[in-house]
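Asker: what's the 3D shape of this:
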Amino acid sequence: MRARQLLDRSGPPLFSPETMKAVNQALDNAWATIAHKYVDDAKAAEARLKLAECVLAVTRDGSHDADQIERLALMMFQISNGETTCKSDL
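Answerer: Below is the predicted model of the structure:
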């Protein structure tokens, strides 16, 4: 749950409640896309935290578009993990 704590600490006053709703939705959706790759609990927690950091990195205050945040965060996550394959579904 370190990922969720990271997001919670980034809430108001940094981000509006509407932006935080989009951020949380984006994290949940993005994690659902990649969670199957992480069977080890420790590696899953580490990956989810890294994904949360990516979500925050691509979020701008005022953004309520969870889909866009999710898409950009997944791309950043893949790049940071050295995954260079372009995925048309992202």
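Asker: helices along this structure, start to end?
Answerer: 2-9, 17-34, 41-58, 66-80 (DSSP state H).
Asker: export those helices to a markdown table and tack on mean neighbour count and mean pLDDT?
Answerer: The C-beta positions use only the backbone N, C-alpha and C, and glycine is treated the same way. As requested, those are exported to a markdown table (neighbours: other C-beta atoms under 10 Å; pLDDT from 0 to 100):
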| stretch | mean neighbour count | mean pLDDT |
| --- | --- | --- |
| helix 2-9 | 14 | 74 |
| helix 17-34 | 18 | 94 |
| helix 41-58 | 17 | 94 |
| helix 66-80 | 19 | 95 |
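Asker: what count of nearby residues applies to Asp65?
Answerer: Look at Asp65: counted by other C-beta atoms under 10 Å, it has 14 neighbours.
Asker: which residue comes closest to it once chain neighbours are left out?
Answerer: Ala22 (6.4 Å; C-beta to C-beta, 6 or more residues apart in numbering).
Asker: please apply the same query to Ala45.
Answerer: Using C-beta to C-beta, 6+ apart, the nearest residue to Ala45 is Arg2, at 6.6 Å.
Asker: quick check, the one you found in contact with Leu51.
Answerer: No - contact between Arg2 and Leu51 fails when scored by C-beta atoms under 8 Å: they sit 11.3 Å apart.
Asker: now stretch 25-32, how far from the chain's geometric center?
Answerer: Mean-position distance between stretch 25-32 and its chain equals 6 Å (C-alpha atoms, centre = their mean, to the nearest Å).
Asker: alright, I will stop here.
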